[in-house]
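Visitor: Turn this into a model:
(2 chains)
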Amino acid sequence: MARIGEAQTPAATRDALARGRLRASLVPDLLVEARRIVNTVIAGWHGRRKRGIGENFWQFRPYVEGDSSRIDWRRSARDDHTYVRDREWEAAHTVWLWADPSPSMLYKSTGATVSKESRALVLALAMAELLSRSGERIAWPGLTDPFTARNGAERIAAQLMHAADPPAKPDLSGIRRFCDIVIVSDFLDPVEETMEWLDVLARHGVRAHLIEVADPAEETFPYAGRTEFTDPETGDKLTAGRAEMLGDDYRLLYTARRQELASWCKRLGWSYTLNHTDRLASEALVRLHMAMTADGFAGRAVA
Amino acid sequence: MSWLPLSFGAPMVLWGLLALPVIWWLLRLTPPKPQTEVFPPLKILARVLKREETPQQSPWWLTLLRLLMAALVVAALAEPVFNPREKLPAEGAALALVIDNDWASAADWGKRVATAQRLIADAGSNGVPVVIAFTAEKPNAEIGPFDAAAALDRLRAAKPRPIPTDRPAVYARVAGVLETLPGASVAVLADGLAAKGDEAAFNTLLSKNAARVVWASSDRLALTGLTNAENEVDGFALTAIRAPGDPAPAQVTAGAFDDKGRRIADATLTFAPGETTATGTMAVPFELRNDFASIALDGERQAGAVRVLDESSKRRRVGLLSQAEADQAQPLLSPLYYIRRALQPFADLVEPSSADLADAIPQILDQKPAMIVMADIGTIPEQVRQRLVDWVDNGGTLVRFAGSRLAAAGNDDDLLPVRLRTGERSLGGALSWTTPQAVTEFPKNGPFADLAPPAEVTVSRQVLAEPTPDIVERTWATLADGTPLVTGLKKGKGTLVLFHVTPEATWSTLPISGSFVEMLRRIVQLSRNQGAAVANAEAAATSLAPYRMIAADGTLVPPTPDARPLVPNAGPLPVTFENPPGLYGSETGVFAHNLLDPATAFVPLVRPQFTVPVTNVQYAFDESRDLKAPLVTAALVLMLLDTLAVFWMGGLLSRRPRRARSAAATTAALLLGLVMLFGHADLARADDAKPGDAAAIEDIAKTRIAYVLTGVPGDDAISRAGLEGLTRFLIEKTALEPGEPAGVDISKDELSFYPLIYWPIDPSAPMPSQASIARIDAYMQQGGTVLFDTRDQFANGIGADSTSPATERLRDILGNLNVPPLEPVPADHVLTKSFFILPEFPGRFAGSPLWVEASLEASNAENRPVRVGDGVSPILITANDFAGAWAVDENGDALLPTVPSDPMQRIYALRAGVNIMMYMLTGNYKSDQVHVPILLERLGQ
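Guide: Numbering: from 1, shown residues only, chains lettered A, B, ... in the order given. Here you go, the predicted structure:
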C-alpha cells in the first residue's frame, strides 16, 4: 500500500517567495487599519510626518491653556515656557510574521498539493509582500526587527534562507502592544503548550492571527490496517493493529483541539484561520486579510 | 537421554531442533511489518491508542506456541518411544515357550502373557518358529511349531486354568518337538510353585537340543491359598497357607458367600512372621453358617483362595422317633414336643409317616439324617437294628432319651453309650429321703463344657448308668450327686448320646429350660449329614455332573465344556483338566471338589542348574509407549490454538461488532432467561403457598377481635362499629393495639386466628348449621372464647320463665355446644380486675350479669382478693348489648344511646370490653399478681 503521507524536504524559500508573490497578487492591497485610529486610513508612509499618537518623539510645543496633554516638565525647566511633548503619528502598523519551521510541517499526504511547511511559508511571505506593499512595518520574530521596505518579502525570504537553525518556537516577549502577529503553524502541539507559548502575546496586548495549516490526511485519518505511525519531531513510533478502528476517536480529539484553540482565540479577539494544504493558499490569505482589516478591530474595540 | 526412559527411532531427526532459533526469528517477523506512516499529530493519536494493546511484534506466547509446535513435530518425527524394552534373546533354530497356566498363574496372567508376547515378537522379528505349550491344558493340545502370528493367537486364546500343572507330560512333548529343532531357545514361564516330578521334567526338556534358556519368574511367590474350611462347633474354622520365605506378618480376610454370591460373613486370618499357615474362625451363628456356599480370600484372584462347601457343612437333617401315640389333645405331654421345638430353628426335622418302628426307622435312614432322636424307645426291632447300627458306625449321631420304656428294655451295647442299671431312680419321692437333684458344672471333656450349667433344672427321676471305669469320660453332664445325666460315646464314626431323663418335663425340668435347647444344638452341630439325599441314589453313586466350577480367577462359573462328571470313590480325587475344582452334583445335593487339600503346602520352584546359558527375565507388562501419535496430536491441537489466536489477533472475531453485540445480547438474554428460569424454579420450589395465605397472614399479623356475621345487615354493622369503638378505646387506654375488627363467617372462615369472637344473637338470623356450631365448639375447645350477646336485657318479659326469642335462640345454639357450667361473674373473678376494677359489666343496657365458666375452686381464702383459677372461660354470655354501647362512627361519636342515657354507662361498657380483652389475652395473670408483694419482699431479702 502506498503511503498516504510523507515528510517533504524543506521548501526552497525562493520558490516559496515566488509563490507567495503570486498569492499576494491575487489579494487586494492589504489595508491594515491602524489601531484606535478611526478617522482615516492612509496607505503607505505618505503624510504621516506629523504630530499624533505614536510611539516616537515628534516635537515640543508650548503649552496652551486647556491643553489636554501633559506638560513635559523636563523640557519646561530649561526656560520660562512650559512645553508639551508631541509624538509622531504612527499610522504604519507593525505586523510580525512567523511560519512554523518544525519538522512536522514537512508533512504532505497524497491528497495534498504541497507540504504544510511550503504552504506556511507561502502564506507568511504573501503576507509580507502584501504588508510591505502597503507600507506596513513587518518583522519575523527571532530573525528580523520591524522594518519598512517595499521589498520586505524578499528581505525576509533572504534572511530565512540564511538563517542557520531557526528556533522551533521563537521568543515572542519582545513584541509590543498594538502590534499584530501572524502565526502560521499546524498547532499540533498540545493546546495547553500552544496557549502557554502564545499567552505572552495576549498579556502584551498583541493581536494575533493564527493560521492553522492542516493536511487533509491529518484531518480525515484515512489509514487502515496495521500501521506504524512515526512522529516526525520526536521520532516516536506507535503501531496500531487496526488503524481504522481509531479513526472516530482520533477525529474527535483532533477537531476538539482545533475548537479549543479557536474559541480561545475568539475570546482574546484574535483570529483563527484554517487552511488545508489541498486547498488554495489564497483562501486563507483572503480570510486573514478580512480579519486584519475589519473584523478584528471591532472585537478589539469592544474589548 | 539416559536419565529418561526414552529412546528415539530416528534420533538424527532431532537435529531438526536446531532449526528452532531460525523459526523463532521467522516468527518474530509475523505479523507482517506494519505500514509505516509519518504522522505529525502523533500525540493526539497516542491518546487514542493508549487504550489498545499494540504489540510491536507477535506476542511472546504466540511465538512460544509456535516454537513448541515445531519442537513437537520434530520430536514426533524422531519416533520417540517411552519406556523402551530390552530385546529378549529369542534367536536360534526355534523358540520353545513352556508356560504354566495353572491356578497359581491366574493372578498375574496378564504379565505372563505380556512377557510371552515380547518373546514371540522377538522370535517373529528373528523369523524363528515358535513352539508354545501350556502345562495346564489338555494333554493333546497342539504345541507347534508355529510362526509368530499363529503363536500369538495361541497365546491370546490361552487362559489360566484352575488346576495344577502337569509339567512332566508337557515338557516331554516339547522335548519331543525340539528334537527336530536343535539349538532352540527354551523359555520357561513357570508359575513358581514346585510340583512332583519337576526335576525330571526339566531334565527332559533341557537335556538336549536346548541352546539357551530364558527363565521367567515373579520376584516372589505371593500366593495365599485356603486349604481347609471346617464347620466347627462355634464357627467355621479356616486354614490358609502362603508360600514360605515371607518373614513379614500378613493378614488376609476371608469372606463367606451364599449360593447367590452375597457376602454374609468375614473372618481375619493372620500369618505370624515367618509362618506359612494361618488359621481363623468365622464366628457366626449356626443358622447363617448353613447358608455358606463358598469361602474366598479377599484380594486373591485365583482358584486356590476359594473353597466351595457342600452338604457336609450344611444344615443337619434330624430324624425324630417316638413310640408314644401322638396325643393332639395334650401336646405338652408328647415326648417329642420339646425336642421338636428345640431343634426346629436349626435343623431339618424328619419324621416318619408310620408309627411302626420297623417302618419308621428305614424311612428315616433313607433320608440320610445327621442325627436321629429317639424319645424313650425301649426295644428296636431286630430287622432294622443292624441298619441303625451301621448308620451310627458310618457317622450318624443317635440321641436317645430315657423313659419308662427304656428303663424297662434293658441294656443295648450297640445303641447306648453306657450300661444302664435296670429300672429308674426316683429322687425326692414319697419313699425317698433324697431331694430332686440339680445339675452341676458340665464336665470339661464333654461337648457342653463351655455351656453355663442350668441351675434351675432339677431332676427327680432318671435312669442310672452302671459305674464303669470309663463312665467319667463318657459323661457329658452330671447331677449334683455325681450321677450322669447325659452320657455320650463315639462309636465308629458316629456318636451315641443318652439323656438319662425323659424328653418331656415329667422326670425333670430339663426339657423346659433353655439349656436343653443349647445342649441339643451342640449335639446337632457335632453331627454330620450322611450324604446327599438325592432321589436317584444309584446315579449319584456312580458319577456327579459338574454343577458350579471355580474359575481360575476364583469366581464360581457354570461348568465349562471340558468338565467331566466326577466319579467319587474312596481314594483322594485329583484335580485334573477333566475334573476342575467346583461343585459336582445338582441343586438338590452337591459334592465339593476343592483344589487344595488340607495337607497342601506351597513350595517355591527353584531354578534348576542349567548347563546352557540362562537369561532371567521378570514378568512385566510391556510398558513401552510410542509417543509419536500423542506428540502429533499435541502439535495439531497447538496448531488449532494458533489458528484461533491468529484469528483473534487479526480481529476476525471482533471485526463484526454488530454481530458481536448481537451475540452479546443473545448471551445476555440467554443468561437472563436461565436466571429467570432458575429463579422461577426456586420460587416454584419454595412456594408452598395456599390460597388465602395472604388473608391469613394479615389476620394473624395483628391481634384482631372477630365478630360473627349473622347475616342481618344492621347487626353486622353495629357489631363492626362496636368492635371498632372498643378497638379505639383499647388503643387509647392500653398497650394493646388491635387491628381492624374481623367479621367471620363461622361456617367457613378460619376461627383460630382470633382470641375473641363476639356473637350477637339475633333471632331473625338463620340458625347456624350443625357443622358451623361444631366449628365453634372446636374453637372453644382449642382455647378461643365466644362472647354471646343476646341484647335483650329489657326485652325479656316479666317473670322468671319468660324468655326472649334471642335467648331461645341462644339456648338452641348452646344446646349443641359443650358448654361448661356457668356462673355470673363473681365479685372476685379476674374479669373484674384484669384492667379496670369493675363491679359489673354494663353495655347499652345495664343489669344483665355476665356469665362465665364457673370456677371449680369456689372456695376463696380471705387474703386472696382474686379467685384462683387457670385458663380462660371459653364462653361469655351477656344480654347487655356491648357492641351497641361500644359502637362509634368514623368521628368517634357514639352511635346508639345507652339505656338509661348515661355517659358513664358507656365508659363502663368500654371498660368492661377492655377487661374482657385483657382477660382474653392475659388469662389469670392478674390473679397471680396478688403474689407480687410477697415475691418482692423475698427478692428484697
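Visitor: The helix or strand hosting B:W61 and chain A in contact?
Guide: Following DSSP states H and E, one finds B:W61 within helix B:60-77. No - residues of helix B:60-77 contacting chain A under Cβ under 8 Å from any Cβ of the partner chain: none, with a closest distance of 13.4 Å. Every residue, glycine included, has its C-beta placed from N, CA and C.
Visitor: roughly how far out does that helix sit from the chain middle?
Guide: 55 Å (Cα atoms, centre = their mean, to the nearest Å).
Visitor: Now tell me what touches it from outside.
Guide: B:10, B:13-14, B:16-17, B:19-20, B:23-24, B:27-28, B:627-628, B:631-632, B:634-635, B:638-639, B:641-642, B:645-646, B:649 (Cβ atoms under 8 Å, 6 or more residues apart in numbering or on different chains).
Visitor: Filter these down to the ones in helices?
Guide: In this view, the contacts of helix B:60-77 that belong to helices under DSSP state H are B:20, B:23-24, B:27-28, B:628, B:631-632, B:634-635, B:638-639, B:641-642, B:645-646, B:649.
Visitor: Up against chain B, what does the stretch 151-300 of chain A have?
Guide: Counting by Cβ under 8 Å from any Cβ, the stretch 151-300 of chain A sits next to chain B at A:186, A:188-190, A:215, A:218, A:223, A:225-234, A:236, A:238-242, A:245-246, A:249-250, A:253-254, A:257.
Visitor: pLDDT score for the nearest residue in space to B:Y619 that is not next to it in sequence?
Guide: Among residues not flanking B:Y619 along the chain, B:K111 sits closest, at 4.1 Å (Cβ to Cβ, 6 or more residues apart in numbering or on different chains). With respect to pLDDT, B:K111 has a value of 82.
Visitor: Just confirm A:N151 contacts A:R133, I think it does.
Guide: No - in this structure, A:N151 is not within contact of A:R133 by Cβ atoms under 8 Å, at 9.5 Å.
Visitor: Same drill for those two, tell me which one is more crowded.
Guide: A:R133 (18 against 13; other Cβ atoms under 10 Å in any protein chain shown).
Visitor: do you know how far that one is from A:S271?
Guide: 21 Å (Cβ to Cβ, to the nearest Å).
Visitor: Show me the helices in the stretch 51-200 of chain A, by range?
Guide: A:73-76, A:116-133, A:152-162, A:191-204 (DSSP state H, counting those that start in this stretch).
Visitor: Residues contacting the third one, please?
Guide: Among residues not part of helix A:152-162, those counted as contacts by Cβ under 8 Å, 6+ apart are A:13-14, A:16-17, A:20-21, A:24, A:97, A:121, A:124-126, A:128-129, A:131-132, A:138, A:140, A:143-144, A:147, A:149, A:166.
Visitor: want to try a markdown table for the helices of the stretch 51-200 of chain A, with mean pLDDT as columns?
Guide: Listed next are those as a markdown table, based on pLDDT from 0 to 100:
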| stretch | mean pLDDT |
| --- | --- |
| helix A:73-76 | 87 |
| helix A:116-133 | 81 |
| helix A:152-162 | 80 |
| helix A:191-204 | 87 |
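Visitor: Which one, of the ones you listed, ends up nearest to B:L595?
Guide: Of all the helices of the stretch 51-200 of chain A, helix A:191-204 sits nearest to B:L595, with 100.6 Å by Cβ to Cβ.
Visitor: Name the residues that touch that closest one?
Guide: A:169, A:172-173, A:175-177, A:181, A:183, A:187, A:208, A:210, A:257, A:260-261, A:264, A:268.
Visitor: In chain A, where is pLDDT below threshold?
Guide: A:1-3, A:11-13, A:22-56, A:88-92, A:164, A:293-303 (pLDDT under 70).
Visitor: So the residue nearest to the spatial centre of it versus chain B, what's the distance?
Guide: The centre of chain A sits closest to A:V182, judged by Cα atoms, centre = their mean, with a distance of 0.8 Å. As defined by Cβ to the nearest Cβ, to the nearest Å, A:V182 lies at a distance of 21 Å from chain B.
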